[in-house]
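no FASTA, just this:
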């Protein structure tokens, strides 16, 4: 285990370093924030002063060197627009994005696994065809279109749920969350469902294929021969085996939920990191964009590490850090 942790940490640091080079070069080599931040009637002297204040008068290599040195001390730059540390801005929006992603992940598992089980246990039936058709639609329809249709149906036509904002936020263990107030929950339902639709379809198909592959195996036949009930066979023997690929895929997809919540947060005006990123790109707020991408990459690394640990716990035959 210790060898695995050391190896993964070294790989993670290398990934972060390479990512910082690519992101920094890509973001800082495009556009000029001064054109947006400074008024059009500013004098050349005022413009030059702003360029020096933002550090844009130095070469790209000098700017990157300063960024790396500050990053090693926990400083990922200061926002051009808000004049605040970029990491503080991102961390202030992170609870909203994580809340949205966790709820979307929970919906994916709560809806996807039972539907996949029902479809896998009844292949060729109307239920199976209906569930699989719905999963194809979840894969095929664009995320932004799904979001607009959810707003059209549940907000405009039926008037059941609000379409934008986060609603009233309460606190649980000192963490701001929408889950402790009805206003917050009602604002959360549509964006969480929109973000979860693709993953619900993915979990359905993974579960169904896992059930179809596992049911004919010898250990299932042996359990039936011993008189084990069908419910116990499915809930204990079959489900335990199909959870391994589901945990692996869903763990990676959780990182995707965080990274690609941008579209959902924009459509539903959800005040998370994704909306902050879009606003920063529109304003060429380079430090915030770079800090956001590095934070997301770090989240991906941590999530993959946790998935590896869970994988070994679900299947004891897998040993992290083994010689093989």
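On my side now, so go ahead. Being a predicted model, the structure only gives us computed values, none of them experimental.

Please work out how many residues are found near residue 220.
When neighbours are counted by other CB atoms under 10 Å, residue 220 registers 18. (Each C-beta comes from the backbone N, C-alpha and C, glycine too.)

for the helix or strand that contains it, the distance to its chain's centre please.
For residue 220, the host element (DSSP states H and E) is helix 218-225. Offset of helix 218-225 from its chain centre (CA atoms, centre = their mean, to the nearest Å): 39 Å.

helices and strands around the host helix or strand of residue 114, which ones?
Secondary-structure element containing residue 114, defined by DSSP H and E: helix 86-121. If you count contacts as 3 or more CB pairs under 8 Å, 6 or more residues apart in numbering; DSSP states H and E, helix 86-121 packs onto helix 126-140, strand 175-177, helix 182-214, helix 239-259, helix 261-267, helix 273-282, helix 286-314.

possible to save the ones you listed as CSV with distance to residue 163 and mean neighbour count?
Converted to CSV, those look like this (distance: least, CB to CB, whole Å; neighbours: other CB atoms under 10 Å):
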stretch, distance to residue 163, mean neighbour count
helix 126-140, 21, 15
strand 175-177, 20, 15
helix 182-214, 7, 21
helix 239-259, 20, 19
helix 261-267, 9, 22
helix 273-282, 15, 20
helix 286-314, 25, 19
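
Can you tell me which of those is nearest to residue 58?
When the helices and strands packed on helix 86-121 are compared for distance to residue 58 using CB to CB, the nearest one is helix 286-314, at 13.3 Å.

who does the closest one touch, helix- and strand-wise?
Applying 3+ CB pairs under 8 Å, 6+ apart, we find helix 286-314 packed against helix 2-28, helix 86-121, helix 239-259, helix 273-282.

Make a markdown table out of these and add mean pLDDT.
Formatted as a markdown table, the entries for those read as follows, by pLDDT from 0 to 100:
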| stretch | mean pLDDT |
| --- | --- |
| helix 2-28 | 80 |
| helix 86-121 | 90 |
| helix 239-259 | 80 |
| helix 273-282 | 85 |
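
now these as a markdown table including distance to residue 308?
As requested, those are exported to a markdown table (distance: least, CB to CB, whole Å):
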| stretch | distance to residue 308 |
| --- | --- |
| helix 2-28 | 8 |
| helix 86-121 | 18 |
| helix 239-259 | 9 |
| helix 273-282 | 25 |
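
my read: residue 168 touches residue 180, true?
No: using CB atoms under 8 Å, residue 168 makes no contact with residue 180, being 9.2 Å away.
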